[in-house]
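Student: I'll drop the sequence and a predicted model, then ask my questions.
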Amino acid sequence: QVQVEESGGGLVQAGDSVMLSCVVSGRRTFDKYAMGWFRQVPGKEREERECVATINYSGDTTYYTDSVKGRFTISRDNAKNTVYLQMNSLKAEDTAVYYCRASPDYWGQGTQVTVSS
């Protein structure tokens, strides 16, 4: 059984910063999971979730979707079984439910981030 749990969302103003956290527990050690943050906006299906950022097992390779480059940073602490998403200079279009995924396909319940303009 793999459990994925996000935290850290909320209501913020444009230009603010928020850090999301995701803790993973399961049979494998955390450093065996590649991790990713995804987001889903109202009206979109689960399959249409946007991949926001990913990080490999050791944390030395990352990916960001173009719209968040330079504003968001993904990182991980394998000793704490945790992956983070630091979101700076937030915009209204960043409003979404943010999901954490542990490879290959273990998802959390999501955390809402709402950015007011």
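Tutor: Great, that's in hand.
Student: Nearest the geometric middle of the chain, what residue?
Tutor: residue 37 (2.9 Å; CA atoms, centre = their mean).
Student: Make sure it is indeed in a strand.
Tutor: Yes: when DSSP: H, G, I helix; E, B strand; the rest coil is applied, residue 37 is found to be in a strand.
Student: That one touches residue 75, doesn't it?
Tutor: No: if you go by CB atoms under 8 Å, residue 37 and residue 75 don't touch, sitting 10.9 Å apart. Where you see a C-beta, it was placed from the backbone N, CA and C, and this is true even at glycine.
Student: What distance do you get for the residue nearest to the centre of the chain to residue 18?
Tutor: 12 Å (CB to CB, to the nearest Å).
Student: now swap in residue 92 and tell me
Tutor: 14 Å.
Student: which residues are common contacts for residue 37 and residue 75?
Tutor: Common contact partners of residue 37 and residue 75 (CB atoms under 8 Å, 6 or more residues apart in numbering): residue 83.
Student: how about residue 91, what does it touch?
Tutor: Contacts of residue 91 (CB under 8 Å, 6+ apart): 14, 115, 117.
Student: ok so, going back, okay, residue 92 and residue 18: which has more neighbours?
Tutor: residue 18 (20 against 11; other CB atoms under 10 Å).
Student: Can you pull the phi and psi angles for that one?
Tutor: Torsion angles at residue 18 (phi, psi; degrees, to the nearest 10) stand at phi -140, psi 140.
Student: nearest residue to it other than its sequence neighbours?
Tutor: residue 87 (4.9 Å; CB to CB, 6 or more residues apart in numbering).
Student: what residues are up against the one you found?
Tutor: Residue 87 touches 17-20, 68, 71-72, 94, 113, counting by CB under 8 Å, 6+ apart.
Student: what's the offset of the host helix or strand of residue 6 from the middle of its chain?
Tutor: Assigned by DSSP states H and E, residue 6 falls within strand 3-7. When C-alpha coordinates are averaged (CA atoms, centre = their mean, to the nearest Å), strand 3-7 and its chain have centres 10 Å apart.
Student: Mind checking what helix or strand follows it in sequence?
Tutor: strand 10-13.
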